[in-house]
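Peer 1: have a look at this fold, sequence not included:
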């Protein structure tokens, strides 16, 4: 009976999450800088580049065999991302059940389902949700194995490790969890053999193209390693840095902070009740965040596994709060759990989002409004120069499967519009409008970022260009930088006709 209820709960949680996380995911495929390249690989317009392991792309290709346009493929890929998120949430909810029972399982599942970062990242054809799925299955396998040292549990743990490594190379961190659990002296037999076999089977099945093109894989892996060590693009920063402290604050709520503090205080008082696996789970998000801070390459989405485990731990913290209320423990768990769940919906401050804020953000498309404004307020003879992050429709670059007709204007584009020429040079070749994004020029104002050694001259030139433009000209139209940066990068239009 209990198994039937678990299956029913898991199915309901999975379906509800998948339905919620696949809403509003039809924005153009070229808005996200990484999605066009993935789409081209799935459509076989280019060879696999192996910048990441193959779980996301293999799954997308499997279910999009009949797709013919870039937009269709990207929407299928985003749907696959949402499947991974839903699977991860179910796995963590089941982990909570194994660890602390039904109430915590339901609270953890619903809180994760409504978490804005999981909701947002389900909307991109990116590998972060695939990594989260593998990490979550690995943690679930570890807890199931800790309860019953069976071959099936060991294989579940090995499968999770294989999925995590197949999601992103960073997934290898799951081995730090798996090895101590499987090699415990109290465990009889050789469960590590079953886990290793399962992991290798998953790695081979998902990443078979890697074995057929080992040279490309090694070169891509070297590239990714270099980006982690040196930073991405022309920018870098000192390490360790505090960026992920702000990411933690942006992806948690005051309710969660209190519950995490209650959990830390309780585990210090009752540390003898905690097993080694519990301590590893508690330490994981903290160690993960610290490890990320030692790479100059940073992004909010890299924090996703830590966000999910922090949320799980907050749900577990409810038990530690409730244990101080005697016979009213269940009532306290339900009340505090309801507060934790509902706290995911509103935005606590302007900088900290909630699900409602992200839901509303995905309904607005600043780039589409920009294109409509240009059609109404410019002449076909006007020449527009722009940052590459201004993702205007362009059939020469994006093909025909896009959501809007291209503009009649001549458009000049580069990563930085400053690389096309100085303002005077742009005026001399007939450019009438410059469009920049706050996401681009803010790089030159962000504390801690600095140019790489061979990019100092370019850095100073670009910084000076944006400073001069914003000092000498007034924007004739702007859309402020918003919650979802790919839909709201902070667009500013300047007319530079002398």
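Peer 2: Right, received. Where do you want to start? Predicted model only: the values in this text are computed from it and were never measured.

Peer 1: what about residue 252, which SS state?
Peer 2: Reducing the assignment at residue 252 to three states with DSSP: H, G, I helix; E, B strand; the rest coil gives coil.

Peer 1: now it: closest residue in space that isn't a chain neighbour?
Peer 2: Of all residues not flanking residue 252 in the chain, residue 310 sits nearest, at 6.3 Å (CB to CB, 6 or more residues apart in numbering). C-beta: built from backbone N, CA, C; applies to glycine.

Peer 1: same check on residue 89?
Peer 2: With CB to CB, 6+ apart as the measure, residue 112 is the residue that lies nearest to residue 89, at 4.5 Å, once sequence neighbours are left out.

Peer 1: for the one you found, give its distance to residue 316.
Peer 2: Counting by CB to CB, to the nearest Å, the gap between residue 112 and residue 316 amounts to 13 Å.

Peer 1: comparing those two, which residue is more hemmed in?
Peer 2: Neighbours around residue 112 and residue 316, counted as other CB atoms under 10 Å, are more numerous at residue 112. The numbers are 30 against 24.

Peer 1: beyond the helix or strand hosting that one, next helix or strand please.
Peer 2: The secondary structure element spanning residue 112 is helix 102-113 (assigned by DSSP states H and E). The helix or strand immediately downstream of helix 102-113 is helix 116-121, counting by DSSP H and E.

Peer 1: quick check: residue 220 touching residue 49?
Peer 2: Yes - assessed by CB atoms under 8 Å, residue 220 is found in contact with residue 49 at 5.8 Å.

Peer 1: ok, residues contacting the helix holding residue 112?
Peer 2: If you take CB atoms under 8 Å, 6 or more residues apart in numbering as the criterion, helix 102-113 is touched by 9, 13, 16-17, 20, 88-90, 92-97, 118, 308, 311-312, 314-316, 318-319, 330, 333-334, 337, 340-341, 344.

Peer 1: cool, and stretch 226-237?
Peer 2: 295-298, 443, 448-452, 455, 458-459.

Peer 1: just the buried residues out of these, in ChimeraX syntax.
Peer 2: Buried residues within the contacts of stretch 226-237, as defined by 16 or more other CB atoms under 10 Å, are selected in ChimeraX through the command that follows:
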select :295,296,297,298,443,449,450,451,459
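
Peer 1: returning to what we had before: if you look at the contacts of helix 102-113, which of them are in helices?
Peer 2: In helices, defined here by DSSP state H, the members of those are 9, 13, 16-17, 20, 88-90, 92-97, 118, 308, 311-312, 314-316, 318-319, 330, 333-334, 337, 340-341.

Peer 1: buried only: go through those residues for me.
Peer 2: Of all the ones in helices among the contacts of helix 102-113 considered here, the ones buried according to neighbour count by 16+ other CB under 10 Å are 9, 13, 17, 20, 88-90, 92-97, 118, 308, 311-312, 314-316, 318-319, 333, 337, 340-341.

Peer 1: least trustworthy helix or strand in this protein by mean pLDDT?
Peer 2: Between all helices and strands in the chain, the lowest mean by mean pLDDT, DSSP states H and E belongs to helix 395-398, at a mean of 59.

Peer 1: any low-confidence regions in the stretch 251-400 of the chain?
Peer 2: 395-400 (pLDDT under 70).

Peer 1: would you map the helices across it?
Peer 2: Counting by DSSP state H, counting those that start in this stretch, the segments of the stretch 251-400 of the chain that form helices are 254-269, 276-292, 304-322, 329-342, 355-361, 366-377, 395-398.

Peer 1: for residue 206, which of those helices is the nearest?
Peer 2: Taking CB to CB, helix 304-322 is the member of the helices of the stretch 251-400 of the chain nearest to residue 206, at 18.7 Å.

Peer 1: check contacts around the residue nearest to the spatial centre of the chain.
Peer 2: When CA atoms, centre = their mean is applied to the chain, the residue found nearest the centroid is residue 301 (3.3 Å). With CB under 8 Å, 6+ apart as the criterion, the residues that contact residue 301 are 117, 121, 126, 128.

Peer 1: what's the neighbour count on the closest residue to residue 182 other than its chain neighbours?
Peer 2: Closest residue to residue 182 in three dimensions, ignoring its sequence neighbours and counting by CB to CB, 6+ apart: residue 192, at 4.3 Å. A count of nearby residues for residue 192, using other CB under 10 Å, gives 17.

Peer 1: do the same with residue 224
Peer 2: Using other CB under 10 Å, the number of residues around residue 224 comes to 16.

Peer 1: ok, residue 173 touching residue 292?
Peer 2: No - assessed by CB under 8 Å, residue 173 is found out of contact with residue 292, at 10.8 Å.

Peer 1: in terms of packing, which of the two has more residues around it?
Peer 2: Shown here are residue 173 and residue 292; by other CB under 10 Å, residue 292 has more neighbours (23 against 20).

Peer 1: can you tell me how far the more buried one is from residue 484?
Peer 2: Residue 292 sits 22 Å away from residue 484 when distances are taken as CB to CB.
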